[in-house]
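Enquirer: following is a predicted model, sequence given first.
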Amino acid sequence: MPTTTWNRHHILSLADFTADEYNAVLQTAASFREVLSRRTKKVPTLQGHVVANLFFEPSTRTRSSFEIAAKRLSADTLNFAAATSSMTKGETILDTAKTYLAMGTDIMVIRHKEAGVPQAIAQEMDRLGVRVSVLNAGDGQHEHPSQGLLDLFTICTLINPENPRLELLQGKKIAIVGDILHSRVARSNIWSLIASGAEVHLAAPPTLLPKFFADYLTPQVNTDKFFTHWQLAPALENADFVMTLRLQKERMTAHLLPSLREYHQLFGITHNQLQWCKPNVKVLHPGPVNRGVEISSELMDDPEFSLIQSQVTSGVAVRMALLYLIGSGKV
Amino acid sequence: MPTTTWNRHHILSLADFTADEYNAVLQTAASFREVLSRRTKKVPTLQGHVVANLFFEPSTRTRSSFEIAAKRLSADTLNFAAATSSMTKGETILDTAKTYLAMGTDIMVIRHKEAGVPQAIAQEMDRLGVRVSVLNAGDGQHEHPSQGLLDLFTICTLINPENPRLELLQGKKIAIVGDILHSRVARSNIWSLIASGAEVHLAAPPTLLPKFFADYLTPQVNTDKFFTHWQLAPALENADFVMTLRLQKERMTAHLLPSLREYHQLFGITHNQLQWCKPNVKVLHPGPVNRGVEISSELMDDPEFSLIQSQVTSGVAVRMALLYLIGSGKV
Amino acid sequence: MPTTTWNRHHILSLADFTADEYNAVLQTAASFREVLSRRTKKVPTLQGHVVANLFFEPSTRTRSSFEIAAKRLSADTLNFAAATSSMTKGETILDTAKTYLAMGTDIMVIRHKEAGVPQAIAQEMDRLGVRVSVLNAGDGQHEHPSQGLLDLFTICTLINPENPRLELLQGKKIAIVGDILHSRVARSNIWSLIASGAEVHLAAPPTLLPKFFADYLTPQVNTDKFFTHWQLAPALENADFVMTLRLQKERMTAHLLPSLREYHQLFGITHNQLQWCKPNVKVLHPGPVNRGVEISSELMDDPEFSLIQSQVTSGVAVRMALLYLIGSGKV
């Protein structure tokens, strides 16, 4: 492992991540990616630690990724799924978290459909003066920091597999396309990409990137390399990377979109649209993909352009890095 | 580990626990509590053993507590949840248990909404002449022995952290307040507290502690230190410990209570009610808590009086002790 | 472990299993059965491997059996249950499998209600050139190879516990009774029993063994030792083993059977029916059993005749063997 200095106790948002922190995650994840290619894929780093996956919102993909990351660090894992839990018995979320704390949990990985729940739990843990770390695995439409970091790692290791660093993205043009308004993934990606010095272009129909929201984002990111578009073309022109987002089908019923077909025609990414981009452009998607909506089936499966599988693999290495950075030296 | 003699094969009820058995659990749990504070929280005691959590009734808290206890003893764990099981395919409960037996399960931790199910499974295992142990994790309104033992351990370690022993409770006054009639926790607590020589006072409205039930309990406990009340005050007066119980909200619909608000006014525990007790009184609750019903939110969160978090932590140590006592020396 | 040569990468069907392959499984399972009787039941064979149980159709029994087998080989296990998964988010099955591949899964154990799903996933893995193995844990009405192999192992170890070999079944008469038409277990059993040189007799009412289906099976098995009957007696006469099958109660509503009671009278196996068989006949059932339908309760619980518990125990040893054979030498 690289001898990085790491002081962050909880990972709740990328909004205030420093370049040093981004680089610590990238370098540590690179070490773990190397571990994952070894004959024995386990390291004893977190032996005796308990990682509790508290998923108040159902998820297979992210939960499995954290579970496999924890097990490869030799931690014990506990899975909590809201559906079968005593939450139905009227206990508050904080009470549930405090119960897992009292059972000896070292790291809580928390997903909730409401923004701010991981933050509230982290604050309560700090107020109690305990050493438990909280890792936000997706809170409402707010943030999904481990996804933002694994996307960053995927891109940086593509540019330099040996030495992924934040500054590799300087001067790159990156488009984020789709349901920006409702996407916690987009939120986390914007923070990390802006921090890298990349040029970030958002593209979405006005209902999924309303003016009030663009006006609210722009001053926050505080850079002249941030652009919003209501058409696809200007975002994709000469882009190095295109990040597509999952379209929640519920949006249709909320009358935010006329039809999936029309959405795909205007904002779906296919081989055709990529002609506007740099020749060696790559496409990302956080998954699960609605094939033929956000992205065409053919493009998704084309290893020349699609980084989707690579993102999943990066996810395990990055989550091992996060658990390692906040978990080691604690017990 | 203390060198105790332990002969009990199943843990189904506290009704016939001996003082030696209570003390063996308390002493072993104290050793494990020490393990839990070490850098490496695991011991290899049950390596290669399989602990199957057969929860025919959903539970997160108790199941997670047993799971973490088993993992810290290095056992492999299997989780069975009735909702997703072949139980829906018409198999009997005994057949399910025998299937887990045949797969090589060493200890079965069983919860069921009907009283007597763990006993029936234990009898079948004995009839078959196999060495599998059964641990009752709550059966209907009958018993919840591990909860009774963890409550006992919580109180005894508060009085003497170094050497928790049953006789520490002699002369103490302990109130059990709430839905006595339907509570398996109350049943297990009554047995352990009576065995300790404490003075036990039950308090509940007549619908939740009917005369027939008090008349049925009193001769069973066979002591002059057992009292039942339909008001809170006489139970709380000079009490050293107040055990509150969860109120199942279903009771309301069964017309056993007029309203949660009225229940809270008459039998809810708040800082105010504690003025009747000894100055250093402590309050327990098995969780999950209906805040503002059985106990006020403020009191639940007040570390000066509330032992609720301590109970959860004790739960892991006590369940490690139980798995250790019935599991070691077996393989 | 025996030094067998094993070249099969996926285990999808028994249709093309060779005698050498059957014997490799039998011999390896025999070694593991010996491991399971040791003090320490774990071997480090698959340490660092990830076995993902992808159960798109709910199952407790088979999933637990694979989970315990994987854990005894020291593998890490991931459980995926369709009910709580992102499948509900519209992802395809192949996408789900590729996600688990990208996370680093080494062996996928797959159950699906549609025939052919494990094959499709295996083909996709091969097309991608990855080393992941797929193990069919039951696909629709097609096959359930690990059940076929554990039944074979159960019978062979009964005949020769020290040295179970396929040829032990030569000259034996084996009846398979029940819902042949819908049974993936029957399909896998037919392949292994025919390969052993046993005489195989199917018995079922015409609705559950239609003429078209018998006419379709008979040329496939390509032997003069294969017989189909619409009565029980000729199948049972002088039989050495009787394999009963689970009757899906849904068949009633599809008007394939008049009543469970009538089915039991005509095709249910009881002590009475066994008088037609060899004196030391044994009865098998893949579980879960509808007591009093396929088999009488008394017979199921009679250790003189019933191999049902033995089948479950064999299941763990055989699944350890399968995971070992396809998994070792890979990482």
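Expert: That came through, no problem.

Enquirer: so the residue in the stretch 151-300 of chain A that chain C sits nearest to: helix, strand or coil?
Expert: Nearest residue of the stretch 151-300 of chain A to chain C (C-beta to the nearest C-beta) works out as A:Pro288 at 3.6 Å. No exception for glycine: its C-beta is placed from N, CA and C like everyone else's. Reduced to three states with DSSP: H, G, I helix; E, B strand; the rest coil, the structure at A:Pro288 is coil.

Enquirer: for it, what are phi and psi?
Expert: Backbone torsions for A:Pro288, taken as degrees, to the nearest 10, come to phi -70, psi 140.

Enquirer: also A:Phe241?
Expert: With angles defined as degrees, to the nearest 10, A:Phe241 sits at phi -140, psi 140.

Enquirer: which residues touch it?
Expert: Going by C-beta atoms under 8 Å, 6 or more residues apart in numbering or on different chains, A:Phe241 touches A:155, A:172-175, A:281-284.

Enquirer: what's the burial count for the residue of the stretch 151-300 of chain A closest to chain C?
Expert: Using other C-beta atoms under 10 Å in any protein chain shown, A:Pro288 has 21 other residues around it.

Enquirer: nearest residue to it in space, please, no chain neighbours.
Expert: Among residues not flanking A:Pro288 along the chain, C:Glu91 sits closest, at 3.6 Å (C-beta to C-beta, 6 or more residues apart in numbering or on different chains).

Enquirer: give me the pLDDT value at that neighbour.
Expert: C:Glu91 carries a pLDDT score of 74 in this model.

Enquirer: host element of it?
Expert: Secondary structure assignment for C:Glu91, by DSSP states H and E: no helix or strand.

Enquirer: what residues are up against it?
Expert: By C-beta under 8 Å, 6+ apart, the neighbours of C:Glu91 are A:287-289, C:99.

Enquirer: any idea how far chain B is from it?
Expert: For C:Glu91, the distance to chain B equals 20 Å [C-beta to the nearest C-beta, to the nearest Å].

Enquirer: ok, now A:Phe212?
Expert: Plainly put, A:Phe212 is 38 Å away from chain B if you go by C-beta to the nearest C-beta.

Enquirer: can you say which helix or strand has that residue in it?
Expert: For A:Phe212, the element it lies in under DSSP H and E is helix A:211-221.

Enquirer: buried ones in that helix?
Expert: In terms of neighbour count (16 or more other C-beta atoms under 10 Å in any protein chain shown), helix A:211-221 has its buried residues at A:213-214, A:217, A:221.

Enquirer: what segments of the stretch 1-150 of chain A are helices?
Expert: Along the stretch 1-150 of chain A, the segments classed as helices by DSSP state H, counting those that start in this stretch run A:19-36, A:61-72, A:93-102, A:117-127, A:145-159.

Enquirer: point out where the stretch 151-300 of chain A drops to low pLDDT.
Expert: Applying pLDDT under 70 to the stretch 151-300 of chain A flags residues A:250-253.

Enquirer: what parts of it come near chain C?
Expert: A:246, A:249, A:287-291 (C-beta under 8 Å from any C-beta of the partner chain).

Enquirer: greatest separation within these: which pair is it?
Expert: The largest separation in these, counting by C-beta to C-beta, is between A:Lys249 and A:Gly287 at 15.1 Å.

Enquirer: those two: which is more packed in?
Expert: The residue with more neighbours, out of A:Lys249 and A:Gly287, is A:Gly287; 24 against 13, by other C-beta under 10 Å.

Enquirer: nearest to chain B, out of the helices of the stretch 1-150 of chain A?
Expert: So among the helices of the stretch 1-150 of chain A, helix A:93-102 is nearest, using C-beta to the nearest C-beta, at 3.5 Å.
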